[in-house]
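*Asks:* Got a predicted model here, sequence first, then my questions.
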Amino acid sequence: MLHQEKKNINKSGALPDKNDKDRWGVVVPGGPFSDFPGAVVLVENSGAVSSSNEQAELLCKFIKRGGSDEYRDALQSALNGKAAQVNPLLIRAGKKETSRVLAAFDLALLPWNGGEAALLLGRNISLERNLRAALIESRQRYRDLLEASCDFAWETDIEGVITFITPDGGLGYSASELSGSKVSKLFTDLASVATNPFSCRAPCSEEEVWVKDSYGDERCLLITSMPLWSDEEVWHGNRGFCRDITRLRKDEMLRADEIHRERIYNRILEIARSEMVPVRMLASTASCLIPALPVDAVMISHFDGEIWQAVAEEGEALQLDAIARVQAAMEMGETVYQETSPDGVLVAVSSKFRGQANGTICLWRKGQNVSWSKGESELLERIQVQVGISLQQFGHHRELQTLSSTDPLTGLLNRRHFEHLLSGFLEDNIGDERTHLLLYLDLDNFKYVNDAYGHQEGDKVLRDFAEVLKHKTRRHDWLARLGGDEFAIFLPVVPEEEATGKAQDLLESLVPTFSRDDDPEWSLSASVGGYLFTARDELKLSDLLLHSDEAMYRVKRSGKNGVYVVKEKLDEVG
């Protein structure tokens, strides 16, 4: 009978009477809220908890602690006869808003017994709230992960049209600019791409592809993609994400370039240490720079303050007018010279030794839109120091060669070097049927100059005589002072019919130098003997010199101041 009574009460819509304490007590088994799945609390108009069930333990603690402003407002509304709701009601570990949330309730507050109390019905939504928060956090984590692992995600259809792009777009394009456009517009040359991850039929993991951004600059993307298949196994596009690794790749290339340049510099240092001859060292340096930089031409020149001399050249020949502009700029004090043309770019840097410019390094790189990187310029600055040292050594070496091969008074070749060059000519031209002319010249009455005017005047005569010879001969002729007042001239490739005429013209050009009106005894002249020969196998240098000398003394014996030329075995030709 008691069981039946409880069952009827639970199903009845009528509320217990105020005087029926046992029936309206919310925790009484069989009461109207005994089967309510959540928290049930009866709060008196004083704010105190009259009764509650087990599920309301945290809620009761919250109420006894004073609740919150939102709760107190809702309670007052219920006590005034108007139902209220708090959703969510957060129960925290402390009173501060930053305190940890212990539970969350969806709380309804109902008027009870004419304002004598309020009935609180609460549904614990902590789990639901936590799941929602976890889902939001999970989505945020996915978004963060996606953003951390890539710069943008995308989808394409079978035509290569972008059907989806993340809201921020990519490569400098907005999402609206990329959406609906073809992927092919991102490639400079799509045909050169081995695997196109935007349209491949197999999964693609971290494929490295170079594309161009909205500004036309090259960008390197690391792309991971998956093909999209329908239930009927029909391919209908691709989906994937891209990570921009341009900075990483460029940094790697910069590091690789630095390592490469350091190897070049170390190689040049190794050449400098192992090669003792400056010309060979500079030639090896030029050869090293051609493939190493790379460039199409290298020219290293020496400058002694007056004359430029190309010491080492590799690659294509540089234009003479460009070289002249470089040299003019360097003489004006420029340390770096650069000019760009449609054919390429020319760069030159000055080399120095102890702060003094002593040459240049000229480099030519051909092609359109070519340039020099900062790293290459830095390498040239390092190289120019070593090249400056080698050019200084070259200058010293050339000075020593000049001292050992030239006559200090006249600047002409000395006997030893003249005979050395002549001997080499004979060896290099054996069998050459062209005729060559060797002249011996001896000043007549030169002793009078030294005796009457002193050796200083005699030296002046010799220098003036040498200057006349320089101006009356060709650039490729060899002039030498054999000693005292004896001179020699080698004229390669002189036709037989011109031999005597050349010697006679030379003698006549000396007349103004030998003339002196204030001294009737001044009777300077020259005896010129010549030998016309071909570089036959049996011809010896000693025979050549002997025949020329004999021809000259024949003039001496015949009265001086004349010319006599013979051919081969003393056969007279004039």
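*Replies:* Sure, I can see it.
*Asks:* Tell me which residues touch the nearest residue to Asp343 once chain neighbours are set aside, please.
*Replies:* Spatially, and ignoring its direct neighbours in sequence, Asp343 is nearest to Lys366 (5.7 Å; C-beta to C-beta, 6 or more residues apart in numbering). Heads up, the C-betas are built off the backbone N, CA and C, glycines and all. The neighbours of Lys366, taking C-beta atoms under 8 Å, 6 or more residues apart in numbering as the test, are Asp296, Glu316, Asp343, Gly344.
*Asks:* part of a strand, is Glu313?
*Replies:* Yes: according to DSSP: H, G, I helix; E, B strand; the rest coil, Glu313 belongs to a strand.
*Asks:* And for it, nearest residue in space, chain neighbours not counted?
*Replies:* Met299 (4.9 Å).
*Asks:* just to revisit the earlier point, measure the residue nearest to Asp343 to Ile290 for me?
*Replies:* Applying C-beta to C-beta, to the nearest Å, the value for Lys366 to Ile290 is 12 Å.
*Asks:* ditto for Asp477
*Replies:* For Asp477 relative to Ile290 (C-beta to C-beta), the value is 35 Å.
*Asks:* Same check on Ala175?
*Replies:* On the measure of C-beta to C-beta, Ala175 and Ile290 end up 49 Å apart.
*Asks:* Where do the domain boundaries of the protein fall?
*Replies:* By the assignment in automatic domain parsing, the chain contains the domains 2-129, 150-244, 255-397, 413-572.
*Asks:* Could you list everything Leu228 pairs with in the sheet?
*Replies:* Gly237 (DSSP bridges).
*Asks:* Which pLDDT value goes with it?
*Replies:* Note on Leu228: pLDDT of 91.
*Asks:* what does stretch 227-239 rub up against?
*Replies:* With C-beta under 8 Å, 6+ apart, stretch 227-239 has contacts from 153-158, 163-164, 197-203, 225-226.
*Asks:* in the chain, what spans have low per-residue confidence?
*Replies:* Along the chain, the model assigns pLDDT under 70 to residues 1-31, 136-137, 139-149, 569-574.
*Asks:* Name the residue closest to the centre of it, please.
*Replies:* Centrality entry for the chain: nearest residue to the mean C-alpha point is Ser373, 4.4 Å, by C-alpha atoms, centre = their mean.
*Asks:* other SSEs contacting whichever helix in the chain runs longest?
*Replies:* Longest helix in the chain, counting residues (DSSP state H): helix 374-405. The contact analysis (3 or more C-beta pairs under 8 Å, 6 or more residues apart in numbering; DSSP states H and E) places helix 374-405 against helix 246-274, helix 278-292, strand 297-303, strand 344-353, strand 356-366, helix 415-428.
*Asks:* out of those, deepest packed?
*Replies:* Greatest average neighbour count among those goes to strand 297-303 (a mean of 23), per mean count of other C-beta atoms under 10 Å.
*Asks:* Name the nearest residue to Val298, ignoring sequence neighbours.
*Replies:* Ala286 is the one closest to Val298 (C-beta to C-beta, 6+ apart), at 4.2 Å.
*Asks:* Tell me if Ser138 really is in a helix.
*Replies:* Yes: remark: Ser138 belongs to a helix, assigned using three-state DSSP.
*Asks:* tally of neighbours for it?
*Replies:* 10 (other C-beta atoms under 10 Å).
*Asks:* Can you dump the C-alpha atoms of the helix or strand hosting Lys447 in PDB for me?
*Replies:* Using DSSP states H and E, Lys447 sits in helix 446-453. Below are the C-alpha coordinates for helix 446-453, written out as PDB (Å, rounded to 0.1, in the frame of the first residue of the first chain):
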ATOM      1  CA  PHE A 446     133.500  58.300 -81.100                       C
ATOM      2  CA  LYS A 447     136.900  58.400 -79.200                       C
ATOM      3  CA  TYR A 448     137.200  62.100 -80.100                       C
ATOM      4  CA  VAL A 449     134.000  62.800 -78.200                       C
ATOM      5  CA  ASN A 450     135.100  61.200 -75.000                       C
ATOM      6  CA  ASP A 451     138.600  62.700 -75.200                       C
ATOM      7  CA  ALA A 452     137.400  66.200 -76.100                       C
ATOM      8  CA  TYR A 453     134.200  66.500 -74.100                       C
END
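*Asks:* quick one: Ser205 from Ile223, how far?
*Replies:* 9 Å.
*Asks:* Between these two, point out the one with more neighbours.
*Replies:* Using other C-beta under 10 Å, the more surrounded residue of Ser205 and Ile223 is Ile223, with 23 against 11.
*Asks:* Verify the stated contact: that one with Asp244.
*Replies:* No: Ile223 lies out of contact with Asp244 (C-beta atoms under 8 Å); the separation is 10.4 Å.
*Asks:* Buried residues in stretch 463-477, which are they?
*Replies:* The neighbour-count check on stretch 463-477 (16 or more other C-beta atoms under 10 Å) flags Phe465, Ala466, Val468, Leu469, Lys472, Thr473, Asp477 as buried.
*Asks:* What are the contacting residues of that stretch?
*Replies:* Here stretch 463-477 makes contact (C-beta under 8 Å, 6+ apart) with 409-412, 441, 443, 479, 481, 487, 489-492, 505-506, 509-510, 513.
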